[in-house]
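Engineer: would you be able to build a 3D model of this:
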Amino acid sequence: MIKLRKIYPTTRAHSGTVIFLHGSGDTGSNLAEWVRFLLGRHMDFEHIKMIYPTAPVQAYTPLSGELSHVWFDRRAITIEALENRKSLSQMYEKINDLIQNEVELGVSPSRIIIGGFSMGGALALHIGYHLNCDLAGIFACSSFLNRDSIIYETLRQSLAAGTSLPELRMYHGAKDKLVPLDWGKETYEKLTELGVNGNFIPLDNTLHELKKHQILDIRDWILKKLPGEIQYKL
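Structural biologist: Numbering: from 1, shown residues only. Have a look, this model is predicted:
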């Protein structure tokens, strides 16, 4: 079961939703607090609901099989490793349930954005470009995809069919030692070659972390993708 944490729900019906996925070993509440610390306040909107889910506890191979809050298992933290598709598939349905719940509340998929940090960003890419191409946008911070990712197979089919894809916004620390900048850049270039439109933003003097100006840029991008003019339904 994924635990949800909503930040300041609106008193009137929201017309947009952002699902922000944490990195490995973290929790949704910790990510929300990290964002609040960077901004000096919660990243909340009058017409947009923020959801910070927490990944289930499961064995994680890079930690010698120790239990941790992770979205999926990896064989190793390297772009060359084979993607653990079985582990990923077990999480697809859970995230899709979050999306479907918002749709049942009256929010169109075209008014839903999914993003994440590190592993959370990788899962966001899977949701947006492998499972649900109808979303408003995808953002990924300090993330990468394995070179054999199933996403690339799906996008080749989407490209041939002329499918419209969510806009992508990727950020990556230039000094990231855990997930090197080259991995993020290679991922972005492969995605754009297969029809994804977006931006890749290197962050100077940044390690494997979030920065205030990065969160501010994400906030502005969210408002651009999910404007408030149609925020309330009568």
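Engineer: using PDB, list the CA coordinates for the strand or helix carrying residue 160.
Structural biologist: Secondary structure assignment for residue 160, by DSSP states H and E: helix 150-161. Output of helix 150-161 as PDB, limited to C-alpha atoms (Å, rounded to 0.1, in the frame of the first residue of the first chain):
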ATOM      1  CA  ILE A 150      11.500  -0.800 -22.000                       C
ATOM      2  CA  ILE A 151      10.600   2.900 -22.400                       C
ATOM      3  CA  TYR A 152      12.700   3.100 -25.600                       C
ATOM      4  CA  GLU A 153      10.800   0.100 -27.100                       C
ATOM      5  CA  THR A 154       7.500   1.800 -26.300                       C
ATOM      6  CA  LEU A 155       8.500   5.100 -27.700                       C
ATOM      7  CA  ARG A 156       9.600   3.600 -31.000                       C
ATOM      8  CA  GLN A 157       6.100   2.300 -31.400                       C
ATOM      9  CA  SER A 158       4.700   5.700 -30.300                       C
ATOM     10  CA  LEU A 159       6.900   7.500 -32.800                       C
ATOM     11  CA  ALA A 160       5.700   5.200 -35.600                       C
ATOM     12  CA  ALA A 161       2.100   5.800 -34.600                       C
END
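Engineer: next SSE after that helix?
Structural biologist: Helix 150-161 is succeeded, C-terminally, by strand 167-173 (DSSP H and E).
Engineer: quick check: residue 20 is in a strand.
Structural biologist: Yes. Per DSSP: H, G, I helix; E, B strand; the rest coil, residue 20 lies within a strand segment.
Engineer: that one reaches residue 48, doesn't it?
Structural biologist: No. Residue 20 is beyond contact range of residue 48, at 11.4 Å (criterion: CB atoms under 8 Å). The C-beta positions use only the backbone N, C-alpha and C, and glycine is treated the same way.
Engineer: more neighbours, those two?
Structural biologist: Ranked by neighbour count (other CB atoms under 10 Å), residue 20 and residue 48 place residue 20 first, with 27 against 23.
Engineer: how far away is that one from residue 64?
Structural biologist: 29 Å (CB to CB, to the nearest Å).
Engineer: now the longest helix along the chain: average pLDDT?
Structural biologist: The longest helix of the chain (DSSP state H) is helix 85-104. Averaging pLDDT along helix 85-104 gives 93.
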